[in-house]
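Engineer: sequence-free structure coming up:
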Ligand SMILES: NC(=O)c1ccc[n+]([C@@H]2O[C@H](COP(=O)([O-])OP(=O)(O)OC[C@H]3O[C@@H](n4cnc5c(N)ncnc54)[C@H](O)[C@@H]3O)[C@@H](O)[C@H]2O)c1
Ligand SMILES: O=C(O)C(=O)C[C@@H](O)[C@H](O)[C@H](O)COP(=O)(O)O
Ligand SMILES: [Zn+2]
């Protein structure tokens, strides 16, 4: 794939406007158009790890005539708290941020989830632009309008559907990403492969080591294909009335692990274990063939993602899964596969089947 800019359109549903996800290099020239001509102030929300990037962007916007502020937030999940959101609201309030002003969320998925949430809640909703800088944020978190923060009780329990005005995925940002964070993002790429686009799996399997770095031959194609999977789903079901639940493949157990680890595990690592579990659950429920279930283990392991979690934690994980957003009343609901690229819902599985599936995951 060439390095030309790829534009992927997200349709507006449920009263939201359409927008584009751009993938390429040197995309910041697009910001002016996305900010629009009504904004006087712009706030750049960025994590500590991207202080230089955030400051440079703020200075550039100031040179263009905006009253620009940078709001630095903690790295990773420590940013997804009510306290950090309140810190951002304070900064917006003190700068006189109005309804026509614009927030730019720069960083990984934790930063874009927080920035989107702050944009959704400030004055009941202001315009925001996502500038994702991790694989995971490019292919998943910054696309689709799910914004939110964690609470002590569970992952993403407070949030809002508030789509961005545009998403700029500058592939050059990936060069500074630590390898563990790069690989963590591959979990969502592999998820997109299993639920919808198996070519993604073929590309990774053709050279799993190369897939672990931004210099790999298929980096741009893997990112674009994954975004297209997400784009198709969220273009028809922004508010998760049905179809969008397939994007939660591997997340029921994944989020339970993240909470159990007090949000110290990377999301992608937890989702990897969660997909292994979902594959075993699909197999034991008689839905998924052995070859596709086994393929989960081989591909996740080949790129260096984890498959296992502590066996003795199962009772706590079951408790954590009860607050999953897919639960209805006392019924746990899981996304499983009926076959490759055939996601479906498994509702209220027998606890013995769940335990047996976890038997393959626990160590
Ligand atoms: N809203 C959604 O639809 C959605 C989808 C998937 C995941 N998520 C959320 O995304 C989050 C995970 O995102 P993530 O995997 O990007 O992790 P992250 O945001 O925690 O980023 C990982 C680390 O990399 C740093 N970082 C970011 N970009 C960098 C760069 N270019 N160079 C160097 N360091 C950089 C961050 O500061 C952080 O320390 C989770 O909170 C998850 O729940 C949301
Ligand atoms: O966009 C979605 O919908 C997803 O489920 C994508 C997931 O990868 C993502 O982690 C999302 O934040 C999970 O949403 P939640 O509603 O289960 O918190
Ligand atoms: Zn996810």
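Structural biologist: Nice, I can see it. What you are looking at is a predicted structure, and each value in this text was computed from that prediction instead of being measured. Ligands and ions are numbered 1, 2, ... in the order given.
Engineer: look up how far residue 60 lies from residue 66.
Structural biologist: In this structure, residue 66 and residue 60 are 9 Å apart, going by C-beta to C-beta, to the nearest Å. The way it works is simple: take the backbone N, C-alpha and C, and place the C-beta from them, glycine included.
Engineer: so for the two, which residue has more residues nearby?
Structural biologist: residue 66 (19 against 14; other C-beta atoms under 10 Å).
Engineer: tell me the confidence at the residue lying closest to the more buried one once chain neighbours are set aside?
Structural biologist: Excluding the flanking residues, the one nearest residue 66 by C-beta to C-beta, 6 or more residues apart in numbering is residue 42, at 4.6 Å. Note for residue 42: predicted pLDDT of 98.
Engineer: burial of residue 42, as a residue count?
Structural biologist: Residues within reach of residue 42, counting by other C-beta under 10 Å, total 25.
Engineer: mind listing what it touches?
Structural biologist: 35, 61, 66, 67, 68, 69, 101, 102, 103, 104 (C-beta atoms under 8 Å, 6 or more residues apart in numbering).
Engineer: excluding chain neighbours, give the residue nearest to the second one in space.
Structural biologist: Counting by C-beta to C-beta, 6+ apart, residue 61 lies nearest to residue 68, which is 3.9 Å off, once chain neighbours are set aside.
Engineer: I'd say that neighbour and residue 40 touch.
Structural biologist: No. Residue 68 lies out of contact with residue 40 (C-beta atoms under 8 Å); the separation is 10.2 Å.
Engineer: ok, these two, which is more surrounded?
Structural biologist: Neighbour totals were compared for residue 68 and residue 40, and residue 68 leads with 19 against 13 (other C-beta under 10 Å).
Engineer: now the more buried one. Its backbone dihedrals?
Structural biologist: Main-chain dihedrals, residue 68, degrees, to the nearest 10: phi -110, psi 130.
Engineer: burial measure for whatever residue of the stretch 251-363 of the chain ends up closest to ligand 2, as a count.
Structural biologist: Proximity to ligand 2, evaluated over the stretch 251-363 of the chain using C-beta to the nearest ligand atom, is greatest for residue 325 at 4.6 Å. Residues contacting residue 325 under the criterion other C-beta under 10 Å number 17.
Engineer: helix, strand or coil for it?
Structural biologist: Under DSSP: H, G, I helix; E, B strand; the rest coil, residue 325 falls in the coil class.
Engineer: ramachandran angles for it?
Structural biologist: Dihedral angles (degrees, to the nearest 10) for residue 325: phi -70, psi -10.
Engineer: same check, this time on residue 11
Structural biologist: Torsion angles, degrees, to the nearest 10, at residue 11: phi -70, psi 150.
Engineer: secondary structure element for the residue nearest to residue 66?
Structural biologist: strand 41-47 (DSSP states H and E).
Engineer: what about that strand, near ligand 1?
Structural biologist: Yes. Using C-beta under 6 Å from any ligand atom, strand 41-47 comes into contact with ligand 1 via residue 47.
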